[in-house]
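Got a predicted model here, sequence first, then my questions.
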Amino acid sequence: MSQEGNTLSLYPSSATAHFNSPQTMNASSAPPPARAAVVPADHHSSDEEKHGPSGSSSKGGPGGKSRRELPAGAVATLKAWLLSPEHFTHPYPTPQDQTMLMHKTGIDKKQLKNWFTNARRRIWKPMLKKQLEAGKLAAAGGAVSGGAL
């Protein structure tokens, strides 16, 4: 075996000699450009997965982790807890509730905390606001109609 055969090279020996020669250097002998990161074969990308239901991107730029949705069963369990009459007035799970929900849904503590933070902002607060507005309108409507008679 020759000395050249023992060296580690990205190019065959003839290509290396050809590449290093300034007279023969052209676009075809240049090393290939760096490749972008390969997306796993099991990754499915849909428009909603990339941008979410609201149409806005969940990550600011390339290189960030892709957005992963929680399993539908886990979301249903968490929504049921959040919207139940006993928790609606105070939608903050106790440590015991957190442990129970983590076991029941199969998600970790960080996912649980993030879900509740977002759910209070996106689900609970608008729902509470609608209920308060409906209550005020009903109360105001009752007072107006009662006062007019």
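Yes, it's here. Only a predicted model underlies this, so the values are computations on that prediction, with no experimental measurement involved.

the bottom helix or strand of this structure by mean pLDDT?
Ranked by mean pLDDT, DSSP states H and E, the helix or strand of the chain with the weakest confidence is helix 47-51, at a mean of 45.

any idea which helix or strand comes after it?
As assigned by DSSP states H and E, the chain's next helix or strand after helix 47-51 is helix 72-83.

Against which helices or strands is that following helix packed?
Contacts defined by 3 or more Cβ pairs under 8 Å, 6 or more residues apart in numbering; DSSP states H and E place helix 72-83 against helix 95-105, helix 109-119. To be clear about C-beta, it is placed using only N, CA and C from the backbone, and glycine gets the same treatment.

May I have that helix exported as CSV, CA atoms only?
C-alpha atoms of helix 72-83 as CSV (Å, rounded to 0.1, in the frame of the first residue of the first chain):
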residue,chain,number,x,y,z
ALA,A,72,-55.2,15.1,21.7
GLY,A,73,-56.1,13.0,24.8
ALA,A,74,-53.7,14.9,27.0
VAL,A,75,-55.2,18.3,25.8
ALA,A,76,-58.7,17.0,26.4
THR,A,77,-57.8,16.0,30.0
LEU,A,78,-56.1,19.3,30.7
LYS,A,79,-59.0,21.3,29.2
ALA,A,80,-61.5,19.3,31.3
TRP,A,81,-59.5,20.2,34.4
LEU,A,82,-59.1,23.8,33.5
LEU,A,83,-62.8,24.3,32.7
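
contacts for that helix?
By Cβ atoms under 8 Å, 6 or more residues apart in numbering, the surrounding residues in contact with helix 72-83 are 70, 87-88, 91, 93, 97, 101, 104-107, 112, 115-116, 119-120, 123-124, 127.

before we move on, back to that, with mean pLDDT, distance to residue 78 and mean neighbour count as new columns, can the helices and strands packed on helix 72-83 be given to me in a markdown table?
Listed next are those as a markdown table, based on pLDDT from 0 to 100; distance: least, Cβ to Cβ, whole Å; neighbours: other Cβ atoms under 10 Å:
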| stretch | mean pLDDT | distance to residue 78 | mean neighbour count |
| --- | --- | --- | --- |
| helix 95-105 | 98 | 6 | 13 |
| helix 109-119 | 97 | 6 | 14 |
